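Novice: any chance you could fold what I've pasted below:
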Amino acid sequence: MKLNELRDNPGATKKRKRVGRGPGSGMGKTAGRGIKGQKSRSGVAINGYEGGQMPLYQRLPKRGFNSRNRKSYAVVNLQLLQKFIDAKKIDAKKAITEDVLVESGLVRRKLDGVRILAKGEITSKITLEVTGASKAAIEAVEKAGGSLTVTTAAAAE
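Specialist: So this is what the prediction gives:
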């Protein structure tokens, strides 16, 4: 087989319908849009419009709300942290800060800070300094002989 012999499967591609190209094409003049009216004009998108009837998205009940100034944390689980320590990507002897986590590739972006969660186990004795941590994560790190410092008091729950 050569490059010039490569072909798509029959019926895999469909030719684009060229509308408004004369009466012989069967799609000339109004180009399948009918006569007059809002939808026959260009630049009209009526998403969710139901002809004057109350649209579905307005008929359904709404619940809850999203806070405008909510915080978004980069989440790190303990098992992942241990995996990176075992792979020698993070040095457990030095203090582990948020910047160290970003450099190692464990966290892509800090966002509003890094939050440690207790999924998995940690066996290394580490010193962590992060924006937030769950109570279970703090207990797990201290049980392994390390320490976990939450830098902003409001972030720890």
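
Novice: would you map the helices across this protein?
Specialist: 56-59, 78-86, 98-104, 135-143 (DSSP state H).

Novice: looking at those, which is buried most?
Specialist: Among the helices of the chain, the stretch with the highest mean neighbour count (mean count of other C-beta atoms under 10 Å) is helix 78-86, at a mean of 18. C-beta here means a position set from N, CA and C on the backbone, and glycine is covered the same way.

Novice: other SSEs contacting it?
Specialist: strand 114-117, helix 135-143 (3 or more C-beta pairs under 8 Å, 6 or more residues apart in numbering; DSSP states H and E).

Novice: now the strands: where do they sit in the protein?
Specialist: Remark: strands assigned in the chain by DSSP state E are 74-77, 95-96, 114-117, 127-130, 132-133, 147-150.

Novice: for those strands, give me CSV that also has mean pLDDT, mean neighbour count and distance to Gly26.
Specialist: As requested, the strands of the chain are exported to CSV (pLDDT from 0 to 100; neighbours: other C-beta atoms under 10 Å; distance: least, C-beta to C-beta, whole Å):
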stretch, mean pLDDT, mean neighbour count, distance to Gly26
strand 74-77, 90, 18, 57
strand 95-96, 86, 19, 69
strand 114-117, 90, 24, 61
strand 127-130, 88, 20, 66
strand 132-133, 88, 24, 64
strand 147-150, 85, 17, 70
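
Novice: turn those strands into a markdown table, including distance to Lys88.
Specialist: Shown next, in a markdown table, are these (distance: least, C-beta to C-beta, whole Å):
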| stretch | distance to Lys88 |
| --- | --- |
| strand 74-77 | 18 |
| strand 95-96 | 14 |
| strand 114-117 | 20 |
| strand 127-130 | 17 |
| strand 132-133 | 24 |
| strand 147-150 | 21 |
